[in-house]
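Novice: Predicted model and sequence follow; I will ask about them next.
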Amino acid sequence: QVQLVESGGGLVQAGGSLRLSCAASGRTISSRAMGWFRRPPGKDREFVAASSPSGGATLYADSVKGRFTISRDNALNTVYLQMNSLKPEDTAVYYCAAGFEIATMKRGEYSYWGQGTQVTVSS
């Protein structure tokens, strides 16, 4: 079992930045792809970013490319999402997820999920 706890969410003005953290416990995540997803108000959960186990390969949703960066510190069992140039449409609950060996955009490929952290971007 892998337990995931997100932190770092909050209220920020458009154009601002936030850094989300996802702390894993129970088992190491060093052999797992890790992903960030989000659920905007009234919408389904959507893919944001993913990292291969080593961090050498990353994937991003088109809507966040160039603004968000996923990174990880396997020694600390932690994954991060640096979010810059935030827009009101980035408002959502952000979830961290642990998958298998391949970074993917597919929700079904992630077997462990955190409870989420709220990010609100004001205009």
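Specialist: In hand now; what should we look at?

Novice: use CA for all of it now, contacts and neighbours both
Specialist: OK.

Novice: list the contacts for the spatially most central residue of the chain?
Specialist: Of all residues in the chain, the one closest to the mean position by CA atoms, centre = their mean is Trp36, 2.4 Å from it. By CA atoms under 8 Å, 6 or more residues apart in numbering, Trp36 lies in contact with Phe47, Val48, Ala49, Ala50, Leu81, Tyr94, Tyr95, Cys96, Ala97.

Novice: go again using 6 Å as the cut-off
Specialist: Contacts for Trp36 were tallied using CA atoms under 6 Å, 6 or more residues apart in numbering; they are Val48, Ala49, Tyr95, Cys96.

Novice: Just give the closest residue to it, not the sequence neighbours.
Specialist: Computed as CA to CA, 6 or more residues apart in numbering, the closest residue to Trp36 that is not its neighbour in sequence is Cys96, at 4.7 Å.

Novice: Can you give me the buried ones in stretch 79-88?
Specialist: Within stretch 79-88, the residues that qualify as buried by neighbour count (16 or more other CA atoms under 10 Å) are Val79, Tyr80, Leu81, Met83, Asn84, Leu86, Lys87.

Novice: now, which of those lie within strands?
Specialist: Mapping those onto strands (DSSP state E) picks out Val79, Tyr80, Leu81, Met83.

Novice: What's the mean pLDDT across the strand or helix carrying the residue nearest to the centre of the chain?
Specialist: Assessed by DSSP states H and E, Trp36 sits inside strand 34-39. Strand 34-39 shows a mean pLDDT of 98.

Novice: same check, this time on stretch 116-123
Specialist: 98.

Novice: What residues of it count as buried?
Specialist: Counting neighbours by 16+ other CA under 10 Å, the buried set in stretch 116-123 is Gly116, Thr117, Gln118, Val119, Thr120, Val121, Ser122.

Novice: sorry, back to before: surely the residue nearest to Trp36 touches Tyr112?
Specialist: No. With contact taken as CA atoms under 6 Å, Cys96 and Tyr112 are classed as non-touching, separated by 8.4 Å.
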